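*Asks:* Got a predicted structure plus its sequence, pasted below:
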Amino acid sequence: MNSKMRAGALRTTSLPLRRLLNASVIKRSTIEPKLSRYCYSTQTLSNRSNNDSENNKTFYVTTPIFYVNGPPHIGHLSSGLLADAMVRWKKLNGRKAFLATGTDEHGSKVEQAAQSKGVSPQQYSDEISSLFRKLFDTANIEYNDFIRTTEPRHITAVQAMWDKLVKSGHIYLGEYKGWYCVSDEAFLGEDEVEEKEVNGIKGMYSKFSQNKVEWVVEKNYMFRLSKFQEPILNWIKENPDVIVPSMRSGMITHILTTSLVDLSVSRPASRTGWGISVPGDPSQVIYVWLDALTNYLTVAGFPLFGTGEKSEKNNSLNSVNTNNNSNNSSTQITKSSDLWPADVHVIGKDIIKFHSIYWPAFLIGAGLPLPKKVLAHAHWTVQRKKMSKSLGNVIDPFIEIEKHGVDPVRYFLLRDGGLVDDGDWSESTFYARFQGDLANTFGNLFARTLSPALNPDKKWPQVYYPSPSSSDSAFISELNKLHEQVDPLYSNGEFTKGILVVISLLYDANKMINDTAPWTMAKGKPNENLDRLSQIIYMSLEYIRICTLHLFPIIPQTCAKIFELLGIDASNINVQKVSQYGYDYSLGNKSGPPSKTVLLFNTKSLGQS
């Protein structure tokens with residue numbers, strides 16, 4: 001591959017690597033004090049950030065950047081929705097929040113995929129990256145930055161990160177002998193591979209991903225990962241909630257204490273040409289995971305922390321033309337105090353080692369604060385089978401959204417997706433959730449409460465406060481507890497549990513309607529019946545309003561429509577301030593309730609009746 005095609009073929013202003021290495025030779029006895037110093041400074045920075053007022057720092061959430069070796073599937077969308085829902089919830093609670101996503105575009109797999117299509121890696125990356133952006137736009141994911149690893153600003157950040165690690169003595173020139181998995185872009189130890197036969201092909205395979213591995217012997221630059229065992233273990237011990245769910249923390253601790261060896265952080269350009277060149281040594285390409293992980297810093301403005309300038313303005317490095325200038329997002333917030341450290345890295349469980357071992361080691365080595373949380377969610381199966389091209393069961397999210405609509409797909413992925421256990425996609429389960437939770441429970445409550453038959457005069461009911469001894473008080477008490485029940489669940493990414501709390505209240509509200517039978521009261525004229533009818537309608541409206549507030553991060557389009565019909569301004573909501581019972585509907589839509597029955601969810605879209 002010629003130099004013009006490689007993103008690694010760069011002119012760099014950084015010091016030649018070999019000169020940096022010669023100036024940074026460290027004896028074994030001096031490494032531990034240097035690491036200790038970085039560890040203390042990192043801990044101090046993290047504590048300082050945690051002690052600041054929460055609202056002074058923007059809540060920074062990231063998705064994994066998605067590898068462009070193929071188009072997006074339902075699992076990619078699930079990751080994006082989880083991060084989007086967390087950011088939306090923070091904003092609803094009055095917090096500044098920022099969501100970053102994007103695509104990882106370097107490495108052997110991308111190069112191979114491009115060759116199979118007969119196009120350049122850049123052309124291929126442009127095509128697949130645009131599909132991910134289109135999907136997230138279609139699914140109403142409100143990202144603030146869509147980062148691509150072929151962008152000049154990112155190449156600048158990666159090479160700056162490399163220089164920091166070299167100058168601090170954590171990178172040295174060595175030889176790697178061991179197993180490498182091209183599919184995972186991962187170096188593996190002896191205890192991470194096994195000999196087996198898969199689909200009639202006998203060989204060595206990764207125990208974790210079940211992908212084939214190969215034995216490689218390469219002269220590479222190595223990172224002193226083995227020296228970071230204690231700092232990372234301390235990070236986990238001192239921050240027991242840093243890895244979610246907690247059961248994955250045990251797996252990381254096991255790896256740290258049993259098989260932590262130095263990591264190859266480059267590969268020969270002759271073998272992996274599509275990547276970012278090592279500064280001062282174009283014969284080597286920076287390892288894709290050091291490249292990819294640094295994206296979180298790129299978005300935050302690294303290496304220009306604290307300057308208030310955007311990294312694009314001071315990029316002095318040449319790079320491959322990404323041909324996507326019109327689509328590039330640039331961060332609106334560039335000072336380190338605004339974004340870094342990340343508050344939550346949302347990732348899939350398959351890449352937890354990279355985010356909970358490699359990433360903190362790189363950050364400690366560079367003297368940078370560590371992320372506050374790594375949330376590693378489970379995967380999606382299809383009718384209890386792993387999604388795979390060979391089985392032909394990969395779920396195309398574009399097709400599902402086209403069939404069912406945006407909000408129903410969002411609801412199902414957040415309702416049934418798991419942090420610990422894999423979610424399972426099936427049309428029958430999808431329909432059961434749609435029909436049972438959305439159409440028959442939420443939608444039915446809304447349609448019945450605002451039915452013109454119950455309110456022919458089209459007037460909003462007066463605010464109703466029952467006496468403490470009234471049975472209605474129990475309903476109101478449960479409503480007023482909803483925020484304190486849901487907030488810790490949503491904030492920890494446990495949307496499945498949070499959604500179930502909300503839906504259970506909606507079930508209660510429907511039961512109240514069934515038990516009180518307000519339609520019988522509407523037929524009569526005695527004042528006491530009409531008064532009671534008004535009270536029931538008001539309580540039901542409050543169920544709808546408060547539950548809608550807590551479903552906004554899940555099904556935002558539907559919730560916005562509900563608030564519009566209720567005459568409530570949804571543009572500047574603070575859930576904490578308006579999640580209590582007692583809203584005066586006469587202050588909103590002066591024209592009164594809708595004159596026709598409103599169906600929020602169309603079950604015909606599911607091919608069901």
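*Replies:* Sure, I can see it. Residues are numbered from 1 along each chain as shown.
*Asks:* Output stretch 410-422 in PDB, but only the C-alpha positions, please.
*Replies:* The C-alpha trace of stretch 410-422 is given here as PDB (Å, rounded to 0.1, in the frame of the first residue of the first chain):
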ATOM      1  CA  ARG A 410     -36.200   2.200  21.300                       C
ATOM      2  CA  TYR A 411     -38.600   0.900  23.900                       C
ATOM      3  CA  PHE A 412     -37.900  -2.800  23.200                       C
ATOM      4  CA  LEU A 413     -34.100  -2.500  23.200                       C
ATOM      5  CA  LEU A 414     -34.000  -0.500  26.400                       C
ATOM      6  CA  ARG A 415     -36.800  -2.600  28.100                       C
ATOM      7  CA  ASP A 416     -35.300  -6.000  27.200                       C
ATOM      8  CA  GLY A 417     -31.600  -5.200  26.800                       C
ATOM      9  CA  GLY A 418     -29.600  -6.500  29.800                       C
ATOM     10  CA  LEU A 419     -26.500  -5.400  31.700                       C
ATOM     11  CA  VAL A 420     -25.800  -8.900  33.000                       C
ATOM     12  CA  ASP A 421     -27.800 -11.300  30.800                       C
ATOM     13  CA  ASP A 422     -28.100 -11.100  27.100                       C
END
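*Asks:* Contacts for that stretch, please.
*Replies:* The set of residues external to stretch 410-422 that reach it, using C-beta atoms under 8 Å, 6 or more residues apart in numbering, is 74, 77-78, 81-82, 85, 139-140, 244-245, 247, 375-381, 423-424, 429-430, 433-434, 437-438, 493-496, 499, 554-555. C-betas here are computed from N, CA, C, even on glycine.
*Asks:* same check, this time on stretch 374-391
*Replies:* By C-beta under 8 Å, 6+ apart, the surrounding residues in contact with stretch 374-391 are 73-75, 78-79, 82, 199, 242-245, 248, 344-352, 355-356, 393-395, 417-426, 492-493.
*Asks:* List the buried residues for it?
*Replies:* For stretch 374-391, burial by neighbour count (16 or more other C-beta atoms under 10 Å) applies to V374, L375, A376, H377, A378, H379, W380, T381, V382, M387.
*Asks:* For those residues, give me JSON lines that also has distance to V486 and pLDDT.
*Replies:* Converted to JSON lines, the buried residues of stretch 374-391 look like this (distance: C-beta to C-beta, whole Å; pLDDT from 0 to 100):
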{"residue": "V374", "distance to V486": "23", "pLDDT": "98"}
{"residue": "L375", "distance to V486": "17", "pLDDT": "98"}
{"residue": "A376", "distance to V486": "22", "pLDDT": "97"}
{"residue": "H377", "distance to V486": "19", "pLDDT": "97"}
{"residue": "A378", "distance to V486": "21", "pLDDT": "96"}
{"residue": "H379", "distance to V486": "25", "pLDDT": "95"}
{"residue": "W380", "distance to V486": "24", "pLDDT": "96"}
{"residue": "T381", "distance to V486": "27", "pLDDT": "94"}
{"residue": "V382", "distance to V486": "30", "pLDDT": "94"}
{"residue": "M387", "distance to V486": "30", "pLDDT": "87"}
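*Asks:* okay, now the closest residue to L339 other than its chain neighbours: neighbour count?
*Replies:* Once flanking residues are discounted, L339 sits nearest to A300: 4.0 Å by C-beta to C-beta, 6 or more residues apart in numbering. Neighbours of A300 under the rule other C-beta atoms under 10 Å: 28.
*Asks:* my read: A300 touches Y60, true?
*Replies:* Yes - the pair A300 and Y60 qualifies as a contact (C-beta atoms under 8 Å) at a distance of 7.0 Å.
*Asks:* joint contacts of these two?
*Replies:* L339, W340, A342.
*Asks:* Look at the second one and report its pLDDT.
*Replies:* What it means is W340. Per-residue confidence (pLDDT) for W340: 94.
*Asks:* Show the contacting residues for it.
*Replies:* In this structure, W340 makes contact with Y60, L297, A300, G301, F302, F305, L368, P369, judged by C-beta under 8 Å, 6+ apart.
*Asks:* re the thing from before, and the contacts of stretch 410-422, which of them are buried?
*Replies:* By 16+ other C-beta under 10 Å, the contacts of stretch 410-422 give 74, 77-78, 81-82, 85, 139-140, 244-245, 375-381, 423-424, 430, 433-434, 437-438, 493-496, 499, 554-555 as buried.
*Asks:* what about the stretch 1-150 of the chain, any weak spots by pLDDT?
*Replies:* 1-55 (pLDDT under 70).
*Asks:* What ranges in the stretch 251-400 of the chain fall below the confidence cut-off?
*Replies:* For the stretch 251-400 of the chain (pLDDT under 70), the answer is 306-337.
*Asks:* Identify the residues contacting T253.
*Replies:* With C-beta under 8 Å, 6+ apart, T253 has these contacts: L233, I236.
*Asks:* Using PDB, list the CA coordinates for the helix or strand hosting it.
*Replies:* Assessed by DSSP states H and E, T253 sits inside helix 246-258. C-alpha atoms of helix 246-258 as PDB (Å, rounded to 0.1, in the frame of the first residue of the first chain):
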ATOM      1  CA  SER A 246     -20.100  -5.500  39.500                       C
ATOM      2  CA  MET A 247     -19.700  -9.100  38.400                       C
ATOM      3  CA  ARG A 248     -17.500  -7.900  35.600                       C
ATOM      4  CA  SER A 249     -15.200  -6.300  38.100                       C
ATOM      5  CA  GLY A 250     -14.200  -9.700  39.400                       C
ATOM      6  CA  MET A 251     -13.200 -10.800  35.900                       C
ATOM      7  CA  ILE A 252     -11.000  -7.800  35.400                       C
ATOM      8  CA  THR A 253      -9.400  -8.300  38.800                       C
ATOM      9  CA  HIS A 254      -8.700 -11.900  37.900                       C
ATOM     10  CA  ILE A 255      -6.900 -10.900  34.700                       C
ATOM     11  CA  LEU A 256      -4.900  -8.200  36.500                       C
ATOM     12  CA  THR A 257      -3.600 -10.700  39.100                       C
ATOM     13  CA  THR A 258      -2.900 -13.700  36.800                       C
END
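*Asks:* Check which element follows it along the chain.
*Replies:* Criterion used, DSSP H and E; the element after helix 246-258 is strand 263-264.
*Asks:* who does that following strand touch, helix- and strand-wise?
*Replies:* strand 214-223 (3 or more C-beta pairs under 8 Å, 6 or more residues apart in numbering; DSSP states H and E).
*Asks:* please redo it, this time with the cut-off set to 10 Å
*Replies:* Contact partners of strand 263-264 among helices and strands, from 3 or more C-beta pairs under 10 Å, 6 or more residues apart in numbering; DSSP states H and E: strand 171-181, strand 214-223.
*Asks:* Take those strands and write them to a markdown table, including distance to P282.
*Replies:* As requested, these are exported to a markdown table (distance: least, C-beta to C-beta, whole Å):
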| stretch | distance to P282 |
| --- | --- |
| strand 171-181 | 15 |
| strand 214-223 | 13 |
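*Asks:* Out of those strands, flag the one nearest T258.
*Replies:* With distances scored as C-beta to C-beta, the stretch of these nearest to T258 is strand 171-181 (16.0 Å).
*Asks:* Which positions in that closest one come out as buried?
*Replies:* I171, Y176, G178, W179, Y180, C181.
*Asks:* if I pick the second one, what's in contact with it?
*Replies:* Taking C-beta atoms under 10 Å, 6 or more residues apart in numbering as the definition of contact, the neighbours of Y176 are 187, 216-222, 262-267.
*Asks:* and which of these is nearest Y287?
*Replies:* Nearest to Y287 among the contacts of Y176, with distances taken as C-beta to C-beta, is V265, at 4.5 Å.
*Asks:* Let me see the contact set for that closest one.
*Replies:* 162, 165, 170-171, 176, 187, 220-223, 225, 278, 284, 286-287, 289-291, 358, 362.
*Asks:* so how far is A100 from the residue nearest to L339?
*Replies:* 8 Å (C-beta to C-beta, to the nearest Å).
*Asks:* Quickly list what's touching both of those two.
*Replies:* With C-beta under 10 Å, 6+ apart, A300 and A100 have common neighbours Y60, T62, D145, T331, L339, A342.
*Asks:* Now, those that are in helices?
*Replies:* L339 (DSSP state H).
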